[in-house]
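# Got a predicted model here, sequence first, then my questions.
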Amino acid sequence: MRTQWLFGIHGKSFPRTMWERASAGLETRVVNDQTGRPTYSKDLATAVWQLTERGVRGVLHIANHGQATWFEVAAQVFSRAGRSDLLRACACAEFPRPARRPRYSVLDTTRLEQQLGGGLPSWPQAVDHFLACP
């Protein structure tokens, strides 16, 4: 099973960090030129369980439906916190990293959707469910 941009209720995650920054009233800049598929750990676990029960074998890409930039994910979180005014977009070039990251790394979940008869919930729904957790 391959996934990407994983977030969940335990440990550190991008949506949690964005929520903490928005809640603290911190102005935040987030890159808008890297695109992937955010994945909620709860949705991932449900899919893995269903695939295991069905005896599915081989490599599968598992991620929530849709694609987003890091900025789009942050924008949803800041919006839910009522602090969209604190968020600014920027380019990857403004945040040099030791490891280069691809600008477009959207996983193809076609095989997953065929095996399950549909895909996982959309990433915006997943982020909303995550934010609703106590």
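That came in fine, so what should we check first?
# Over to the closest residue to residue 61 other than its chain neighbours: give its phi and psi.
Closest residue to residue 61 in three dimensions, ignoring its sequence neighbours and counting by Cβ to Cβ, 6 or more residues apart in numbering: residue 107, at 3.8 Å. Heads up, the C-betas are built off the backbone N, CA and C, glycines and all. Main-chain dihedrals, residue 107, degrees, to the nearest 10: phi -70, psi 140.
# Once you drop chain neighbours, what's closest to residue 21?
Spatial nearest neighbour of residue 21, chain neighbours left out: residue 28 (4.9 Å); criterion: Cβ to Cβ, 6+ apart.
# ignore the last one, residue 26
Nearest residue to residue 26, sequence neighbours excluded (Cβ to Cβ, 6+ apart): residue 86, at 6.6 Å.
# thought the one you found was touching residue 24?
No: using Cβ atoms under 8 Å as the test, residue 86 is too far from residue 24 to be in contact (9.4 Å).
# Neighbour count for those two, which is higher?
Counted by other Cβ atoms under 10 Å, residue 86 and residue 24 do not tie: residue 86 has more neighbours, with 17 against 11.
# do you know how far the more buried one is from residue 129?
Distance of residue 86 to residue 129, computed by Cβ to Cβ, to the nearest Å: 23 Å.
# got it, and residue 33?
Using Cβ to Cβ, one obtains 27 Å as the distance from residue 33 to residue 129.
# Just the strands from the chain, written as ranges.
With DSSP state E, the ranges of strands along the chain come out as 6-7, 28-31, 35-36, 39-40, 68-69, 87-90.
# Mind giving me the packing neighbours of the second one?
Taking 3 or more Cβ pairs under 8 Å, 6 or more residues apart in numbering; DSSP states H and E as the contact definition, the neighbouring helices and strands of strand 28-31 are helix 14-23, helix 70-80, strand 87-90.
# Let me have these in JSON lines, extended by distance to residue 5 and mean neighbour count.
As requested, the helices and strands packed on strand 28-31 are exported to JSON lines (distance: least, Cβ to Cβ, whole Å; neighbours: other Cβ atoms under 10 Å):
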{"stretch": "helix 14-23", "distance to residue 5": "7", "mean neighbour count": "18"}
{"stretch": "helix 70-80", "distance to residue 5": "8", "mean neighbour count": "21"}
{"stretch": "strand 87-90", "distance to residue 5": "17", "mean neighbour count": "16"}
